[in-house]
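> I would like to see how this sequence folds:
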Amino acid sequence: MNERQLFQQYLAPTSPAPLMLEMVKGNGCWVWDREGKKYLDLISGISVNHLGHVHPEVVAAIRQQAGEYLHLMVYGELIQSPQVRYAEKLVSLLPSSLDSVYFTNSGAEATEGAMKLAKRATGRSEFIAFQNAYHGSTQGALSLLGEEAMRTAFRPLLPDIRHLRYGVADDLSFISTHTAAVFFEPVQAESGVVVPETSYVQALRKRCDETGSLLVFDECQTGFGKTGKLFALELSGVVPDILLLAKALGGGMPLGAFVAGKALMQTLSHHPVLGHLTTFGGHPVSCAAGLAALEVLQREGYVQQVVGKAQLFRAALQGFPLLQAGLLMSWNLETPEKNQALLRRCLELGVLSDWFLFAPERLRIAPPLLISEEEIKFACSVLQEAAASLS
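As a prediction, the model looks like this:
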């Protein structure tokens, strides 16, 4: 059997119609398939590859750490330099109240850990999330997910979950002294890049303070520069009690984290001891890769370039209905069917893009931060040609 047949035979399916492109190579903002055709990557592995593919400094860090040691022990028991150095670096770039890092394997696991931390610290059981929110697909994270069609087949889920309308200030009154934590995306990605008013985020912080509820920011998609700020919390100036990170955190390797204040995080270490455990969380190779990627991101000034590059997209796509938070963008094609047709045409023309989980009529534009002006021009010309072919 060929690779396509083996893929269908042995890998568990996630949808009835996967893309099934057999990719064999990636470099910078480009990927190549088995036939040698190359595609400009406009989705960055869903906000993972902020430095593109196989960045040489990230690869060098992976090779070096792999030659020293791989897995040694469950997270938190042994001092492992890649974890320590990466946690120190992250804390140095975050607000001072976020000074303790718990590394996990993924964003969903970061969500689960944050839920446990909130319950342990507050003694409460209620959680609040938002309609069209995405926080992962494990059972707790799925309970927070804000779209019933994706939840209903897996019920019963966790009780005491309430979903509010995103950006609607009147709904904040539902946050009460029974609420352990509010899970919030500072830019709601999977509903098609929705940016809330700063006043709303500030009101959310105030309401959590009034009720003693913990405020959790999920920055798994927005972290590490995508919005033009290193972290999207800088857009509003609001500091959460817990911060969720993943995707670009690992520089292309699997890694997640939840970050909180030291005193808050300490509650997971006793009554019971080992209140939260992970075998592979903070894998030394993933931490080494993530640290190397973050150092490149800072040194090369890619975050500072995001606003200018985003403006190039907007100028080239004038007349197209774009929603934009830096280099996280969505283009409204009005119907899912029209969007899928445009995505197929883009593939034919050498551009890889995608749709949004709760906005299937919107095309995702979220390239690596190092995308060049020439690559932006190529991407926009393909998008324009694909759109013209549908009219």
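> CA only for contacts and neighbour counts going forward, please
Will do.
> okay, and for the stretch 101-250 of the chain, where does confidence drop off?
Across the stretch 101-250 of the chain, not a single residue meets the criterion (pLDDT under 70).
> Quick one: the strands in it, in order.
For the stretch 101-250 of the chain, the strands defined by DSSP state E, counting those that start in this stretch occupy 126-130, 161-164, 179-184, 214-218, 242-245.
> Kindly reformat these as a markdown table containing mean neighbour count and distance to residue 385.
What follows is the strands of the stretch 101-250 of the chain, written out as a markdown table (neighbours: other C-alpha atoms under 10 Å; distance: least, C-alpha to C-alpha, whole Å):
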| stretch | mean neighbour count | distance to residue 385 |
| --- | --- | --- |
| strand 126-130 | 23 | 36 |
| strand 161-164 | 19 | 39 |
| strand 179-184 | 26 | 37 |
| strand 214-218 | 26 | 36 |
| strand 242-245 | 29 | 36 |
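> Take those strands and lay them out in a markdown table including distance to residue 371.
A markdown table is the format used below for these (distance: least, C-alpha to C-alpha, whole Å):
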| stretch | distance to residue 371 |
| --- | --- |
| strand 126-130 | 32 |
| strand 161-164 | 36 |
| strand 179-184 | 29 |
| strand 214-218 | 25 |
| strand 242-245 | 23 |
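> Helices of the stretch 51-200 of the chain, start to end?
Under the criterion DSSP state H, counting those that start in this stretch, the stretch 51-200 of the chain contains helices at 56-66, 81-93, 107-122, 139-144, 148-151, 198-211.
> Export those helices to CSV and append columns for mean neighbour count.
Listed next are those as CSV, based on neighbours: other C-alpha atoms under 10 Å:
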stretch, mean neighbour count
helix 56-66, 17
helix 81-93, 17
helix 107-122, 23
helix 139-144, 24
helix 148-151, 13
helix 198-211, 16
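> Dump those helices into CSV; add distance to residue 160 as well.
Conversion of these to CSV gives the following (distance: least, C-alpha to C-alpha, whole Å):
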stretch, distance to residue 160
helix 56-66, 42
helix 81-93, 32
helix 107-122, 12
helix 139-144, 9
helix 148-151, 15
helix 198-211, 16
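> quick one: which of those is nearest residue 101?
Closest to residue 101 of those is helix 81-93 (C-alpha to C-alpha; 6.0 Å).
> any idea of the angle the closest one forms with helix 56-66?
140 degrees (axes from the mean of the first three to the mean of the last three C-alpha atoms, to 10 degrees).
> Touching, residue 217 and residue 244? I think so.
Yes. Between residue 217 and residue 244 there is a contact at 6.2 Å, judged by C-alpha atoms under 8 Å.
> which outside residues touch stretch 284-293?
Outside stretch 284-293, the residues that touch it by C-alpha atoms under 8 Å, 6 or more residues apart in numbering are 51, 57-59, 61-62, 65-66, 69-71, 80-83, 85-86, 89, 248-255.
> what's the answer for stretch 184-192, then?
By C-alpha under 8 Å, 6+ apart, stretch 184-192 touches 129-130, 132-134, 193-196, 201, 215-219, 221-222, 232-233, 323, 325, 329-330, 356-359, 362, 364.
> measure the most centrally placed residue in the chain to residue 43 for me?
Most central in the chain under C-alpha atoms, centre = their mean is residue 221, positioned 2.3 Å from the mean C-alpha point. Distance of residue 221 to residue 43, given as C-alpha to C-alpha, to the nearest Å: 11 Å.
> what does residue 223 give?
From residue 223 over to residue 43 (counting by C-alpha to C-alpha), the distance is 15 Å.
> can you check residue 104 too?
23 Å.
> In terms of helices and strands, where is residue 364?
strand 359-365 (DSSP states H and E).
> Would you map out the domains in this structure?
3-54+302-390, 58-299 (automatic domain parsing).
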